[in-house]
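[1] Got a predicted model here, sequence first, then my questions.
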Amino acid sequence: MIKIKDINVLILAGGKGSRMNYCNKALLKYNNITFLDRLKTLFSDFSKIYLSLNSNQNIISEDFIRVDDDFQEIGPISGLYKGISESDLDYIFTLPCDVPNLTKDFIEYISSFVSPYHDAFIVKDKDGFIHPLLGIYTKKALPIIKDAIENKDFKVLNLIEKLDVKFIDLKYTIFDDKEILKNINTPEDFNSLFKNKNTNFFAISGVKNSGKTTLITKLLKKFVEKGFKVGTIKHDGHDFQMDNLDSDTDKHVKSGASGTLIFSKSKYMFLENSPEKSLNFYLQYFKDYDFIILEGFKNSDFPKIEVIRKDVSTVSQSNKNNLKFLVSDLKSIENSGDLDIVDINDTETIFDKIINISKKDGLI
């Protein structure tokens, strides 16, 4: 069986980017990280990462093995040929640099199809469109690629017809192929990422008075320091009262207004009488945020961290599904299983673990 460590990676970043005003698309930033650095994280379990560039591109990184095109002005087939030639392994996962919505589980799914029986393993989306630059090529494809270049047939789709290809059809999978396979070819494509981006959210759970709010306030400062836009949501089991609610607004609500809004130069607040809805309904108000911290939700299936303070409780009381790690002033917790326990005062480590979990899941 061929494993992840038996596969190299080839990121194709040598295009001119003419429709992106000739910028290096690999260096575009999304969620405070470049496309290239995000791919480095997503493919961290693979053997080596090769970066295909043209000789005019000034991208230097110790994390990638740079390979320059031998042939100029013939398109991505040149980078494909040079990268596969340079690889020291028989299997090479190839992809363009401008696919910011790839996820780790999608990458692992594609990799699971690899076998010694084909020249290449290429993705086909749910509409039947072939993505010839996204898949896994083998060294067996090299002579055919070379022959195509020598015969000045530079279209990679034509190349696919000459190879023994196993197509990985996404038709019956749960993957959102339109998002995952989306390329960033124009400024409009890039701007659309920010309009439609998914917000990362996680819960800080725990019993009453365990220190949830204190931890959240510390984490908020860390997120802001690192340039993230972050919001919070708290569920209140009782009807809450706004201590400083404007008196006129309060009168409107008490007089029967279903909804009321108050705003000033720096903020606004909207209140609406409404039956409780699912969390997803409330998340729509935070579409342009990087992170949302939920306070509570210990019985939910949402990604969460549990705070356990010895003066209040000594056991984990949260739903274990999607419980990522524990935060406590205890060294050991009876029913913690194999979950990590982080010191309740070590905000830096708590923050770093949240970021690393998000990166591993391909969310940032």
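    Great, that's in hand.
[2] can you map out the strands along the stretch 201-350 of the chain?
    For the stretch 201-350 of the chain, the strands defined by DSSP state E, counting those that start in this stretch occupy 230-234, 259-263, 268-272, 291-295, 304-308, 323-328, 341-343.
[3] helices and strands around the longest one, which ones?
    Packing partners of strand 323-328 (3 or more C-beta pairs under 8 Å, 6 or more residues apart in numbering; DSSP states H and E): strand 304-308, strand 341-343, helix 347-360. (Glycine included, C-beta is placed from N, CA and C.)
[4] now the ones you listed in a markdown table, with mean neighbour count?
    As requested, the helices and strands packed on strand 323-328 are exported to a markdown table (neighbours: other C-beta atoms under 10 Å):
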| stretch | mean neighbour count |
| --- | --- |
| strand 304-308 | 26 |
| strand 341-343 | 16 |
| helix 347-360 | 17 |
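[5] Out of those, flag the one nearest residue 7.
    Residue 7 lies closest, by C-beta to C-beta, to one member of the helices and strands packed on strand 323-328: helix 347-360, at 18.4 Å.
[6] Dump the helices and strands packed on strand 323-328 to TSV, plus distance to residue 66.
    Shown next, in TSV, are those (distance: least, C-beta to C-beta, whole Å):
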stretch	distance to residue 66
strand 304-308	39
strand 341-343	38
helix 347-360	23
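[7] Out of those, which gets nearest to residue 51?
    When the helices and strands packed on strand 323-328 are compared by C-beta to C-beta, helix 347-360 sits nearest residue 51, at 19.3 Å.
[8] Can you tell me which of the strands of the stretch 201-350 of the chain is most buried?
    Highest mean neighbour count of these: strand 304-308, a mean of 26 (counted as mean count of other C-beta atoms under 10 Å).
[9] by how many degrees do that strand and strand 323-328 diverge?
    Put simply, strand 304-308 runs at 20 degrees to strand 323-328, going by axes from the mean of the first three to the mean of the last three C-alpha atoms, to 10 degrees.
[10] hey, C-alpha coordinates of strand 304-308 in CSV?
    What follows is strand 304-308 as a C-alpha-only set of coordinates in CSV (Å, rounded to 0.1, in the frame of the first residue of the first chain):
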residue,chain,number,x,y,z
LYS,A,304,-14.8,23.0,22.0
ILE,A,305,-12.3,23.4,24.8
GLU,A,306,-13.3,22.7,28.4
VAL,A,307,-12.2,24.8,31.3
ILE,A,308,-11.9,22.8,34.6
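[11] which helices and strands does that strand pack with?
    Strand 304-308 sits against strand 200-205, strand 323-328, with contacts defined as 3+ C-beta pairs under 8 Å, 6+ apart.
[12] 10 Å instead, please
    If you count contacts as 3 or more C-beta pairs under 10 Å, 6 or more residues apart in numbering; DSSP states H and E, strand 304-308 packs onto strand 200-205, helix 212-225, strand 323-328, strand 341-343, helix 347-360.
[13] Mind putting these into JSON lines with mean pLDDT and distance to residue 12?
    Below are the helices and strands packed on strand 304-308 laid out as JSON lines (pLDDT from 0 to 100; distance: least, C-beta to C-beta, whole Å):
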{"stretch": "strand 200-205", "mean pLDDT": "85", "distance to residue 12": "28"}
{"stretch": "helix 212-225", "mean pLDDT": "89", "distance to residue 12": "33"}
{"stretch": "strand 323-328", "mean pLDDT": "95", "distance to residue 12": "34"}
{"stretch": "strand 341-343", "mean pLDDT": "96", "distance to residue 12": "39"}
{"stretch": "helix 347-360", "mean pLDDT": "89", "distance to residue 12": "22"}
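[14] Quick one: these as JSON lines, columns for distance to residue 265 too.
    Listed next are these as JSON lines, based on distance: least, C-beta to C-beta, whole Å:
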{"stretch": "strand 200-205", "distance to residue 265": "29"}
{"stretch": "helix 212-225", "distance to residue 265": "21"}
{"stretch": "strand 323-328", "distance to residue 265": "38"}
{"stretch": "strand 341-343", "distance to residue 265": "40"}
{"stretch": "helix 347-360", "distance to residue 265": "32"}
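[15] which stretch among those comes nearest residue 6?
    Per C-beta to C-beta, nearest to residue 6 of the helices and strands packed on strand 304-308: helix 347-360, 21.1 Å.
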